[in-house]
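Engineer: I'd like to go over a predicted model; first the sequence, then the structure.
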Amino acid sequence: MKSRALPAGFPANPEEWQRLIDAAPDRVVDPECPYDPNDPRAVEAYWKDAVQVDGGGPAAVREALAQRAAARPPVDDPSYNTVVLDPDLVPAFKRYGAGWQARVNSVLREWLKAHPAA
């Protein structure tokens, strides 16, 4: 007996896929979604740190996360810093999409230029 790789009702051909796509709403309304699924920049910003693994499974995910952690600068690296910011600041900068940390850096640099040390 042949096992089914796809669940019952799953589109079996390009025409069925196209019917599903055509029936999809123009905008997604999901009040529980942590980002606006209709905004490509918000989607990209939310998923930019996602770890994609081929084959999947817990072991593959653990390995991918370990590789990503190994690529980070060590804690004693001078470029590695921890800054405590008010809880409303980070989401405000993240709303503008990828590169929010560079924007925070630019704002701090501008402040230093406007307030030179004595």
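Structural biologist: Perfect, thanks for sending it.
Engineer: Now do the contacts for Leu85.
Structural biologist: Val104 (CB atoms under 8 Å, 6 or more residues apart in numbering). C-beta coordinates here come from the backbone N, C-alpha and C atoms, glycine included.
Engineer: Please parse this structure into its domains.
Structural biologist: By the assignment in automatic domain parsing, the chain contains the domains 30-74, 82-118.
Engineer: In the protein, where is pLDDT below threshold?
Structural biologist: Along the chain, the parts satisfying pLDDT under 70 run over 1-4, 118.
Engineer: Turn the domains of the chain into JSON lines, including distance to Leu6.
Structural biologist: Formatted as JSON lines, the domains of the chain follow (distance: least, CB to CB, whole Å):
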{"stretch": "domain 30-74", "distance to Leu6": "16"}
{"stretch": "domain 82-118", "distance to Leu6": "35"}
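Engineer: Out of the ones you listed, flag the one nearest Ala12.
Structural biologist: Evaluated over those, closeness to Ala12 peaks at domain 30-74, with 22.9 Å, by CB to CB.
Engineer: hang on, the earlier thing: of the domains of the chain, which approaches Pro11 most closely?
Structural biologist: So among the domains of the chain, domain 30-74 is nearest, using CB to CB, at 21.1 Å.
Engineer: now the most centrally placed residue in the chain: how far from Asn105?
Structural biologist: In the chain, the residue lying closest to the centroid (CA atoms, centre = their mean) is Trp47, at 2.1 Å. Trp47 sits 23 Å away from Asn105, going by CB to CB, to the nearest Å.
Engineer: Arg95 too?
Structural biologist: 17 Å.
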